[in-house]
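Student: here you go, sequence then predicted model.
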Amino acid sequence: MGDVESACRILFQDAQYVDWGLKGFAKLAWKTIRIPGRLAKKWPSIGRVAVGRKMLMFSYEAMARLNLRAGRDLFDGASFIVTDRLHAHVLATLLRVPHLVVDNSYGKVSAVAGGTTLTATVAEFAGTSEAAVRALHERPAFPMVSSQ
């Protein structure tokens, strides 16, 4: 458990703590739908024929839909989110859910989102765990925490 999650557990005892990713049937479906891509990786000629390309496109689109649905379901009803995941930040921004995004240890969030999504009115950015804890002390809402 990181510093930010520890602080959230102290400050917001009624908050929901979740991890980002597919679970249950959705995870099984994703692994099944992923099979064409795994086959194409082993035998690249699959992607060079029309039927193989269609199969791969269907597979990739279905995986994207599963991931998006899981993310929407996860954030549904959230009034505020704390995350250190880039994709969670992007989805929260698109869904207009207020959130605090904490940069990860190697700066991926600030490097990728820097001048674009971090300027959204629903996103607050904390470059360090200490900055995140300070920002959370000032916030009365009960966040959903999405972390590694």
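Tutor: Arrived safely, thanks for sending. Numbering: from 1, shown residues only.
Student: could you use CA atoms for every contact and neighbour count after this?
Tutor: Fine.
Student: tell me the average confidence for the longest helix belonging to the chain?
Tutor: Longest helix in the chain, counting residues (DSSP state H): helix 50-75. For helix 50-75, mean pLDDT is 92.
Student: what strand or helix carries the most centrally placed residue in the chain?
Tutor: Residue closest to the average C-alpha location in the chain (Cα atoms, centre = their mean): A88, at 2.6 Å. Assessed by DSSP states H and E, A88 sits inside helix 86-94.
Student: after that helix, which helix or strand is next? Please name it.
Tutor: Heading C-terminal from helix 86-94 (DSSP H and E), you reach strand 99-102.
Student: what lines up beside that following strand in the sheet?
Tutor: Partners of strand 99-102 in the sheet, by DSSP bridges, are strand 81-83 (parallel), strand 123-126 (parallel).
Student: so the spatially closest residue to G52 that is not a sequence neighbour, which state does it fall into?
Tutor: The shortest distance from G52 to any non-neighbouring residue, by Cα to Cα, 6 or more residues apart in numbering, is to I46 (5.0 Å). Using DSSP: H, G, I helix; E, B strand; the rest coil, the structure places I46 in helix.
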